[in-house]
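need a 3D model of the following:
(chains A, B, C, D, E and F)
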4 protein chains.
Amino acid sequence: MGIEETREKIVSVADRLFRRFGFQKTSMDEIARIARKAKGSLYYHFSGKEELFREVVQNEVNGMKSKLLVIVNNSDYNSGGKLKTYMQTRMDVLQHATNYHETIQSDDHDHFEFMKDIRKDLDDWERVQICSIIREGVETGEFELDLSVEVLSDIIIMIVKGLEGPFYLQGRYTEYSPYFDGLAKILMKGLSKMY
Amino acid sequence: MGIEETREKIVSVADRLFRRFGFQKTSMDEIARIARKAKGSLYYHFSGKEELFREVVQNEVNGMKSKLLVIVNNSDYNSGGKLKTYMQTRMDVLQHATNYHETIQSDDHDHFEFMKDIRKDLDDWERVQICSIIREGVETGEFELDLSVEVLSDIIIMIVKGLEGPFYLQGRYTEYSPYFDGLAKILMKGLSKMY
Amino acid sequence: MGIEETREKIVSVADRLFRRFGFQKTSMDEIARIARKAKGSLYYHFSGKEELFREVVQNEVNGMKSKLLVIVNNSDYNSGGKLKTYMQTRMDVLQHATNYHETIQSDDHDHFEFMKDIRKDLDDWERVQICSIIREGVETGEFELDLSVEVLSDIIIMIVKGLEGPFYLQGRYTEYSPYFDGLAKILMKGLSKMY
Amino acid sequence: MGIEETREKIVSVADRLFRRFGFQKTSMDEIARIARKAKGSLYYHFSGKEELFREVVQNEVNGMKSKLLVIVNNSDYNSGGKLKTYMQTRMDVLQHATNYHETIQSDDHDHFEFMKDIRKDLDDWERVQICSIIREGVETGEFELDLSVEVLSDIIIMIVKGLEGPFYLQGRYTEYSPYFDGLAKILMKGLSKMY
DNA sequence: TATGAATGAGAGTTCATTCAT
DNA sequence: AATGAATGAACTCTCATTCAT
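Residues are numbered from 1 along each chain as shown, chains lettered A, B, ... in the order given. Sure, this is the predicted structure:
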């Protein structure tokens, strides 16, 4: 088993356990045991628990990005469709991005200070995507704004981020999702002149 | 120093530390040290770390309730004003309800299973308040709904809960709050027939 | 409630709990709680846990003595009957002298060093009783020994003490008691010339 | 220092301390300190205090078995000699099996529930040995029983178990051992027809 | 490249005892 | 004569990390 396989094995087990039990309640011991590696091996490949977690989260974020990118680049949708699908997919993807969420939620500044960078990076990336969708809509004449592209995109981001709460954190997906479609319409209506 | 003072001292120190470091990273040792009490004293007054945390959270929730109740019972507002002020105050209050939030966020089901009750209780309480505001508005003819009072109140609750995310969790209060006023209007417009 | 009543209440609760959970696993807290007395009261009446236990054991030993004395002084039995009944009653009484036994068993020399006196006292007392029975038997011509009264009584004491093991300590009462009668006969036959 | 040495060092220190202070009054801290190992090392090698104790007791029991087996297999003795020597050696060995005894005596069912197995195993083992000795005696014509081999062996076991009390528990070895020879004869005489 | 034995600081909790009232 | 709040030492156990091999 090559070095890369070992690394991946460790990361994949760590991902599963962090996802299930969270950062604090997952021990290096358990990761090692389940990965069938020696505890020392984890420290050969990663400088500590924190760096291992960082790797796991970065993988998750990369996965999220690539799924969202598929929508942004999918020419089957018009801009309105892209926006709505983006929002819906984002909900879906975040449902499963457990570890990323732990970094948002946790007060554990000692360990997660470093996560600010990853979060900031993702925020910026999303802003770029949303802006790009809106700009496309404006260019094709599909959208006609009475707000700047940047402000509108910020508001949209605020709202979708807001929905992470009841949808993901509080596990109210099934409870609230019936309202989602209506809500989406209301929001888009309120935010754009064109309707 | 009477028993009540001691209890309060412990709770107040615990509140500060839980708020700052979270449940896991706050040790009974530190609470005792800073409160200038023996560790055993904490266990005289509370059966364990969990119960102490429970007390802290319950205090927080009671504080939230009483602040919100002031608005619901304030006859200076008309119903629309009450609703908007309720939403804004809620944001404000939740900003500081750090410990309550930890229980929403945490995956630590071992420790926080007991919090379901407190959360459920608060949810129900809020639903009652919102319904009461809306009903008042309907009775005075200020509101005219095309949804049932219950459904409307559920949607409002969903939205304000949703906003907890960016406002509280991610510390974006200052960043997003300029948009809040506009958002509130949009939402109320979208939800009520009368506009 | 007078002072004597309080003392007795404490002792009686302590007795019950020591009996059930042993010395170590019974806490002063629990004794106080169940006796409905303040913890401080226990320390008003007894200098510590140890002295309270001492009192409990002493009571138990006194109870044992008085039950055995009834047999020794009962003129309905002849000497052989007394001896056999003494042995049987001793088994029975010891079955329930849980706290006394704890002092025999425990390695806890710190706490139970003081128990040597109580044990020595009881041993001496029993030796006197057995000697008295045997002497009575000799005087009435019922017994005719080829050993001195003292040696014979020591052997009897050794045997009855020995039987505490399987009968009491190991909870084999029901298992071994069928053999008891036969064993008693064998022993008495082996020990005395008269058969 | 290899792993086996460390394990043995821990076990040997634990054995000494358990023997001296008993299970409850021996702390993991002290074992670690005296063994010159980190506390965590004890938990690396044993899952807890209980398992460490279990190991100690198992070693003791194994030692007892092998010493007794020497007698059972020693063809220098005839069957009567074996039986008597077995009984005497048993007394001797049990004198030093302090930890095994703690499990017999202790009321601490939480910790020692697991000991039932070890005890049961030893009981069964002894029954087999005694039966084997008796059968051998019967086959060589040395013994002629009016009881079944099984019942006779049960009675012998009861008696030797009984003698554990005064001999071991109460430290009366030196006091009572002068009587032992006579007692042994009496018992064997009482139990077998052939005398 | 990988191992796993060893570490030690720190965690939550228990409890006999003290003492001001 | 009685209280009960307060203490602090001692306990078992956890776990991220180190290091010789």
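
okay, now the unreliable bits of chain A?
A:1, A:105, A:107, A:146, A:162-195 (pLDDT under 70).

specify the residue ranges that define each domain of it.
A:1-46, A:50-191 (automatic domain parsing).

helices of chain A, start to end?
A:3-21, A:28-35, A:39-45, A:49-72, A:79-96, A:98-105, A:109-112, A:115-139, A:149-164, A:173-191 (DSSP state H).

can the ones you listed go into CSV with extra columns for distance to residue C:5 and mean neighbour count?
In this view, the C-beta of every residue, glycine as well, is placed from N, C-alpha and C. Formatted as CSV, these follow (distance: least, CB to CB, whole Å; neighbours: other CB atoms under 10 Å in any protein chain shown):
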stretch, distance to residue C:5, mean neighbour count
helix A:3-21, 55, 16
helix A:28-35, 57, 16
helix A:39-45, 62, 15
helix A:49-72, 61, 17
helix A:79-96, 67, 18
helix A:98-105, 58, 21
helix A:109-112, 58, 16
helix A:115-139, 66, 16
helix A:149-164, 66, 20
helix A:173-191, 61, 15
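
of the ones you listed, which is nearest residue C:83?
For the helices of chain A, the distance to residue C:83 is smallest for helix A:28-35, at 64.6 Å, taking CB to CB.

can you put the helices of chain A in a markdown table and add distance to residue D:6?
Listed next are the helices of chain A as a markdown table, based on distance: least, CB to CB, whole Å:
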| stretch | distance to residue D:6 |
| --- | --- |
| helix A:3-21 | 28 |
| helix A:28-35 | 19 |
| helix A:39-45 | 17 |
| helix A:49-72 | 26 |
| helix A:79-96 | 45 |
| helix A:98-105 | 38 |
| helix A:109-112 | 33 |
| helix A:115-139 | 40 |
| helix A:149-164 | 51 |
| helix A:173-191 | 52 |
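
closest to DNA strand E out of those?
helix A:39-45 (1.7 Å; CB to the nearest atom of the strand).

does chain D have contacts with that closest one?
No: judged by CB under 8 Å from any CB of the partner chain, helix A:39-45 makes no contact with chain D; its nearest approach is 10.8 Å.

quick one: list the elements packing against that helix.
helix A:3-21, helix A:28-35 (3 or more CB pairs under 8 Å, 6 or more residues apart in numbering or on different chains; DSSP states H and E).

what would those look like in TSV with distance to chain B?
Listed next are the helices and strands packed on helix A:39-45 as TSV, based on distance: least, CB to the nearest CB, whole Å:
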stretch	distance to chain B
helix A:3-21	7
helix A:28-35	15
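
surely residue A:119 and residue A:104 touch.
Yes: Residue A:119 is within contact range of residue A:104, at 7.1 Å (criterion: CB atoms under 8 Å).

overlap in contacts, the two.
Common contacts of residue A:119 and residue A:104 (CB atoms under 8 Å, 6 or more residues apart in numbering or on different chains): none found.

residue contacts, residue A:25?
Counting by CB under 8 Å, 6+ apart, residue A:25 has contacts B:107-108.

got phi/psi on it?
Taking degrees, to the nearest 10, you get phi -80, psi 0 for the backbone angles of residue A:25.

mind checking how far it is from residue A:50?
When distance is defined by CB to CB, to the nearest Å, residue A:25 is 15 Å away from residue A:50.

again with residue A:119
From residue A:119 to residue A:50 the distance is 16 Å (CB to CB).

same check on residue A:6?
19 Å.

check residue A:155 too.
Counting by CB to CB, the gap from residue A:155 to residue A:50 is 35 Å.

and residue A:14, how far is that from residue A:95?
20 Å.

about what we covered before: so which of the helices and strands packed on helix A:39-45 gets nearest residue C:36?
Among the helices and strands packed on helix A:39-45, helix A:3-21 sits nearest to residue C:36 (CB to CB), with 44.2 Å.

what's the distance between that closest one and the middle of its chain?
19 Å (CA atoms, centre = their mean, to the nearest Å).

repeat for stretch A:119-131
So, by CA atoms, centre = their mean, the centroid of stretch A:119-131 is 11 Å from its chain's centroid.
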